[in-house]
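> the following comprises the amino acid sequence and a computationally predicted model.
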Amino acid sequence: MRGMIELQDLDLHITELEERKREIPGHKKAFAERLKRLDDELAESEQQFKQLALNLKECEREIETLKGNILKMDAQLNTIKKNDEYRAMLTQIDLAKKQVSQKEELAIKLMCDLDDGKRKLEADKQRIAEEKRRVQAQAAAVDEDLARLQQELDQLTAQRAELAKTQPPDLLRHYERVRSAKKFPAIVSLKDESSCGGCFMNMRRQVVNELIQRAEFKSCPQCGRLLYYPGHLAAPESGPAGEAEAS
Ligand SMILES: [Zn+2]
């Protein structure tokens, strides 16, 4: 009798561990998603810094072009004979020089932006690397949990198989049938010396008396669960059910 109850306890424990095991892929997926988001964030930060460097380069290139144009126009000045053309060229040169000084101011601002951007990128890199290490450590802990859980499950399953071998086969079949009908626990004690501890139906007096008199299971006529009288568990069990009945 105790063997069957012990078997049920093992099954309860196994079920509980299996439920915890089923939750693990969800946790792992969440960690993987967090790592991906952190990678994306770093890529974005790097892209922003690259863009700042490109902006500066573009500005410097424009300054070089303008300066080249000014040199060309300066050289052309000497070849111009007409006064109005000469003045027009001077105006163009003046305009180009103004543009150069504007662009140079912009370049200084862009250099500051680039410096700030570099500091921000370094800070982001450090923060993201730390966060990634933290998430990876959590993910590793979950892997260890899973390994421990699996080990425990293997042990309990082996223990259960050994115990099942020593139980009366018809009782075991009955138990499995009730269990597979999703009525769990399949083995319940008689409640208040009157009703089924699973479905709470009142038992006939004769059934109650038999349960109290004999250390044996009886199936509940309503739900089919295996019923026992809890008083039989309090006293030390001397042997198989038959012997206990005689004592
Ligand atoms: Zn019942």
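Looks like it arrived, so ask away.
> okay, now the domains of the chain?
As assigned by automatic domain parsing, the chain contains the domains 2-165, 169-246.
> got a list of contacts for the strand ranked longest in the chain?
Across the chain, the strand with the greatest residue count (assigned by DSSP state E) is strand 187-191. With contact meaning C-beta atoms under 8 Å, 6 or more residues apart in numbering, strand 187-191 is reached by 4-5, 8, 175, 196-198, 200, 203, 208, 211-212, 217, 220, 225-230. Every residue, glycine included, has its C-beta placed from N, CA and C.
> direction included, what does it pair against?
The pairing partners recorded for strand 187-191 under DSSP bridges are strand 195-196 (antiparallel), strand 226-228 (parallel).
> stretch 198-212: end-to-end distance?
With C-alpha to C-alpha, to the nearest Å as the measure, stretch 198-212 spans 18 Å from end to end.
> so where is the protein shaky, pLDDT-wise?
Regions of the chain meeting the criterion pLDDT under 70 cover residues 235-247.
> next, the buried residues of stretch 50-63.
Under the neighbour-count criterion of 16 or more other C-beta atoms under 10 Å, stretch 50-63 has 52, 55-56, 59-60, 63 buried.
> please apply the same query to stretch 150-158.
153, 156.
> and for stretch 161-176?
For stretch 161-176, a neighbour-count test (16+ other C-beta under 10 Å) marks 164, 171-172, 174-175 as buried.
> can I get those in CSV with distance to residue 234?
Output for the buried residues of stretch 161-176, formatted as CSV (distance: C-beta to C-beta, whole Å):
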residue, distance to residue 234
164, 25
171, 21
172, 24
174, 24
175, 22
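> go through the residues you listed and flag which are in helices.
164, 171-172, 174-175 (DSSP state H).
> in contact with residue 92, which residues?
By C-beta under 8 Å, 6+ apart, the contact set of residue 92 is residue 73.
> same deal with residue 20?
residue 149.
> circling back to that earlier point, quick one, which of the domains of the chain is nearest to the ion?
Nearest of the domains of the chain to the ion, taken as C-beta to the ion: domain 169-246 at 3.0 Å.
> so that closest one, near the ion or not?
Yes: judged by C-beta under 5 Å from the ion, domain 169-246 comes into contact with the ion through 196, 198-199, 220, 222-223, 225.
> which of these count as buried?
Among the residues of domain 169-246 next to the ion, the ones that count as buried by 16+ other C-beta under 10 Å are 196, 198, 220, 223, 225.
> hang on, residue 48 packs against residue 116?
No: counting by C-beta atoms under 8 Å, residue 48 does not reach residue 116; the two are 10.8 Å apart.
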